[in-house]
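Enquirer: prediction below, plus the sequence it came from.
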Amino acid sequence: MSRQGARPLPPGSKTDFNALRAPTGYVAGMGRGAAGFTTRSDIGPSMPAPDVDKGKDAGGDETKFDEFLGNDAGVLGATGVYDEEDREADNVWDDIEDRMDERRKDRREVKMKEELEKFRAENPKIQEQFADLKRKLAEVPMDQWESIPDIGDYTVKKQKHLDRFTPVPDSLLAGAAARDATATAIDASGLATPMGGITTDLTAMGAGRNTVVQLKLDKISDSVSGQTVVDPKGYLTDLKSVTLKSDAEISDIKKARLLLKSVINTNPRHAPGWIAAARLEEVAGKLQQARELMMKGCELCPTNDDVWLEAARLQTPENAKAILARGVAALPDSVKLWMQAARLEQSDEAKKRVLLRALERVPGSVKLWKAAVEISEEDDARVLLSRAVECCPLHVELWLALARLETYENARKVLNKARQAVPTSAEVWVTASKLEEANGQPTMPDKIIPRGIKSLAANGVVIDREWWFKEAEASEKSQPPMVGTCRAIVKEVVGLGVEEQDRKRTWMADAEECMRRGSVETARAIYSHALSTFPGKKSIWRRAAQLEKAHGTRESLDALLRKAVQYCPQAEVLWLMAAKEKWLSGDVAGARSVLEEAFVRNPDSEEIWLAAFKVEFENAELDRARLILGKAREHPPASTARVWMKSAMVEREAGGVDRERDLLQEGIRRFPYFWKLHIMLGQLEERLGNTDAARLAYAAGIKRCLDCIPLWVAAARLEERAGNVARARALLEQGRLKNPKNALLWLAAVRTELRAQNTKAGEALMAKALQECPDSGELWAETIRITPRPQRRSRSVDALKKCNDDPFVVAVVAGAFWEDRKVDKARSWFNRAVTLNPDIGDFWASYYKFETQFGGPEQQEAVLKRFLAAEPRHGERWQRVAKDPAQAHAKPEAVLKRCVLELDKEL
């Protein structure tokens, strides 16, 4: 029945689906997996069934196995084939499942980790519970370990049984008596002895033997002093030195002996074979056989000096001399034999006699001449060297040795002859330059060294720049120092082999390398040459000035800076260095004149205006300082925020409160984003007791400078001092929201809670701070400070793992060692802290206080000297003391000692 022919049902009536005709091919339950059944009329004529192999077992085909349905893989399980499309589909579904599992992997791992941490927190191991106690065991000294008492109750051990005594049987007593009895017959056959009256006491024979041994020992003892000449320790050492050969070693020695015997029999003229055979016998402990073999070797190989030397080595000293005498007779030109013969002599005269005889036979041996000169007096050595340079004219060392022994005039002649004999030797020219300089001719090195380099180049010698630099450094370090030769060498060779565009970089690197090796004059000569080539480079002038400041005099530094400002008049840093050196030396008028000249050359420089102000301010010349800053404010290029800030500082020092407020307000109007003006205004109102005005000043500064951490901290401290801890807490929290991951804000919040006696809240905040800023040295240092002393060591270990080279952590660890009275460790860690960051004044104050308690005057002076050279400017306690108006004109030493007194106060 088609849909087109169906009539519409009246409204409100229901459809009886059971009465409707089912669609074509419909099988009930097919959607739920039912197979259904069909009749012959549904499928038409019958088809022949496929052949099924009856030989297969009931298990079915393995290729039709399905992981979900097993062997019954649905309707097509009996005839379906698992082809490539099915495999590809399975791979796709597997990839989808892996992808879904990967997406859930992170959440699953996080959840597993949280559960594991929770389980470990609830069920800690016994090892973890006693971890802190086990760490303390490392600090227990050895005497405490040894003083631990033994247990007093020994009942836990097995008790010893009482000794039981059993009566000795008569047979044992009889046997002992028979053993000590004398023997009346020694004939084992039982025949009567020819002299029956004679008996042999074996016990007496043993005692007599002991007596004989005792007599022998008495003979070798010292009858006068009563001390034996037998050294028992040496005797035992001799016994230990006896090498016991194993069977394998003895077998190897026998094989080697046969092999070497074959070698010397086959070729008796082969000297190494005789030497090897003798050394084998020496190793085997047969020294006599080794000597005999070497004597045969000397007879068969008389022209080999190694054979004679080996034979002499195996003999005693006297026999060795005789053998070497035969050797030099056979080989009169052998230097080795003559040298060994000289070594065997005991006195210098005998050695010299042998060497002179050797030189008669081998006059061209430099080795023999040197040996003879070394053991001769100065006059004899001069004569020998005069003869030596005639026999060995090409050896430069002999010429130089002769020149050192001669007078000035004769040395010049010797060096001239050496230069003619060896025109390719650079040492002769360097020695000549040193000779002239040492004899009061300071200008001669500048003539000799250029001539020498030109002559060497003409004779085909390659000028090695590195070698000449080493000679320059050696000239500087000689005694006395040959500075003129050093400078002349540097001047001539510093530019050799250097490209024009690389000259400045190469010369600066050479100077730094010389400074690293301690060659100050060489570095100074390099800088001098570089400045003559690049007089307008202020970086070179700065490095040269730093060298003079560290190793020169005030006069040399002043002269250098004077030249520097002439060549670089626009370089502010050079003017400032010159003025500072004048001021440090106490020459205030000189510093003023330098700055006046700098004003003429750089009228718009802020740094020069501020330097002039500092000179007057540090010398308590407030009127002159106010006048300078007033001119600077009127000069637009120099009217900067720092100038206005310094102007307010002058008024604060002079006590002009209204003038200071006006300057700060005007400066804020001109420079609203310079945070120091805002904080100075707030501090002014705090000093005057105007809390509301100070609050407004800080709020205005925070509004314009949201990222200024000191403003947030200052505002919070204001509220805290006013008793509004909650408001201070809110300000710091707001600051952390505006400046996330800022360790200083977290630190201020923790200290606020601790000052309010909220220890738990402070510890909780510190934990959050370390989570957000795990690498902050300030936070870890504060954590160690607030940790109880028993747990401080473990906290220090954790901090060093996170930030090992942070100076704040290193300094607080040094303080922990200080509290434990570990002086050497504390000193080492304080030194490490000030080395990592010498700009923190708090570290220097702690270090100096430590030395005043545990160090001597020398150590305190060393720390103070290093402190003055470092010129620290930062640190919480340091800035609080240094910026105190009462310390405005104090010297750095006074500020340091004042800071030492502030160490125990709370921040």
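Expert: That came through fine.
Enquirer: for the stretch 251-400 of the chain, what spans make up the helices?
Expert: Secondary structure of the stretch 251-400 of the chain by DSSP state H, counting those that start in this stretch: the helices cover 271-283, 287-300, 305-314, 317-330, 335-344, 348-361, 366-374, 378-391, 396-405.
Enquirer: tell me the angle of the fourth one relative to helix 335-344?
Expert: If you take axes from the mean of the first three to the mean of the last three CA atoms, to 10 degrees, helix 317-330 sits at 150 degrees to helix 335-344.
Enquirer: now distance to Gly723 and mean neighbour count too, for the helices of the stretch 251-400 of the chain, in a markdown table please.
Expert: Just so you know, the C-beta spots here come from the backbone N, C-alpha and C atoms, and that holds for glycine as well. Converted to a markdown table, the helices of the stretch 251-400 of the chain look like this (distance: least, CB to CB, whole Å; neighbours: other CB atoms under 10 Å):
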| stretch | distance to Gly723 | mean neighbour count |
| --- | --- | --- |
| helix 271-283 | 94 | 20 |
| helix 287-300 | 100 | 18 |
| helix 305-314 | 96 | 22 |
| helix 317-330 | 99 | 16 |
| helix 335-344 | 94 | 20 |
| helix 348-361 | 94 | 17 |
| helix 366-374 | 89 | 19 |
| helix 378-391 | 91 | 16 |
| helix 396-405 | 86 | 20 |
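Enquirer: reformat those as TSV; add mean pLDDT.
Expert: Output for the helices of the stretch 251-400 of the chain, formatted as TSV (pLDDT from 0 to 100):
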stretch	mean pLDDT
helix 271-283	89
helix 287-300	89
helix 305-314	90
helix 317-330	88
helix 335-344	88
helix 348-361	87
helix 366-374	86
helix 378-391	85
helix 396-405	85
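Enquirer: as CSV, those with distance to Trp878 would be great.
Expert: As requested, these are exported to CSV (distance: least, CB to CB, whole Å):
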stretch, distance to Trp878
helix 271-283, 73
helix 287-300, 78
helix 305-314, 72
helix 317-330, 74
helix 335-344, 68
helix 348-361, 68
helix 366-374, 62
helix 378-391, 63
helix 396-405, 58
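Enquirer: ok, now which ones touch the residue lying closest to Gly495 once chain neighbours are set aside?
Expert: Excluding its sequence neighbours, the residue lying closest to Gly495 (CB to CB, 6 or more residues apart in numbering) is Arg503, at 6.9 Å. Applying CB atoms under 8 Å, 6 or more residues apart in numbering to Arg503 gives the contacts 495, 530, 533-534.
Enquirer: so what secondary structure elements neighbour the helix or strand hosting Lys136?
Expert: Lys136 is located in helix 131-137, with elements delineated by DSSP states H and E. Using 3 or more CB pairs under 8 Å, 6 or more residues apart in numbering; DSSP states H and E as the contact criterion, the neighbours of helix 131-137 among helices and strands are helix 789-802.
Enquirer: which residues sit against the helix it packs on?
Expert: By CB under 8 Å, 6+ apart, the list of residues contacting helix 789-802 from outside reads 131-132, 135, 774-775, 777, 780-781, 783-784, 787, 809, 812-813, 816, 819.
Enquirer: before we move on, the earlier item: what about the residue nearest to Gly495, which SS state?
Expert: Of the three states, Arg503 takes helix under DSSP: H, G, I helix; E, B strand; the rest coil.
Enquirer: narrow the contacts of Arg503 to those in helices?
Expert: Among those, the ones falling in helices (DSSP state H) are 530, 533.
Enquirer: out of the contacts of Arg503, who's the most crowded?
Expert: Neighbours were tallied for each of these (criterion: other CB atoms under 10 Å), and the maximum of 24 neighbours falls on Ala530.
Enquirer: pretty sure that one contacts Lys504?
Expert: Yes. Ala530 is in contact with Lys504 according to CB atoms under 8 Å; the separation is 6.8 Å.
Enquirer: surely Ser605 is in contact with Val573?
Expert: No. With the criterion set as CB under 8 Å, Ser605 and Val573 do not qualify as a contacting pair; they are 10.4 Å apart.
Enquirer: okay, the contacts of Arg503 in a markdown table with distance to Ala474 and pLDDT next?
Expert: Compiled in a markdown table, the contacts of Arg503 are given as follows (distance: CB to CB, whole Å; pLDDT from 0 to 100):
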| residue | distance to Ala474 | pLDDT |
| --- | --- | --- |
| Gly495 | 21 | 89 |
| Ala530 | 22 | 92 |
| Thr533 | 25 | 91 |
| Phe534 | 28 | 92 |
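Enquirer: dump the contacts of Arg503 to a markdown table, plus distance to Ala271.
Expert: Converted to a markdown table, the contacts of Arg503 look like this (distance: CB to CB, whole Å):
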| residue | distance to Ala271 |
| --- | --- |
| Gly495 | 56 |
| Ala530 | 62 |
| Thr533 | 64 |
| Phe534 | 66 |
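Enquirer: what's the closest non-adjacent residue to Arg257?
Expert: With CB to CB, 6+ apart as the measure, Leu280 is the residue that lies nearest to Arg257, at 6.2 Å, once sequence neighbours are left out.
Enquirer: nearest to Glu146 among the contacts of Arg503?
Expert: Checking the contacts of Arg503 against Glu146 by CB to CB gives Ala530 as the nearest, at 67.0 Å.
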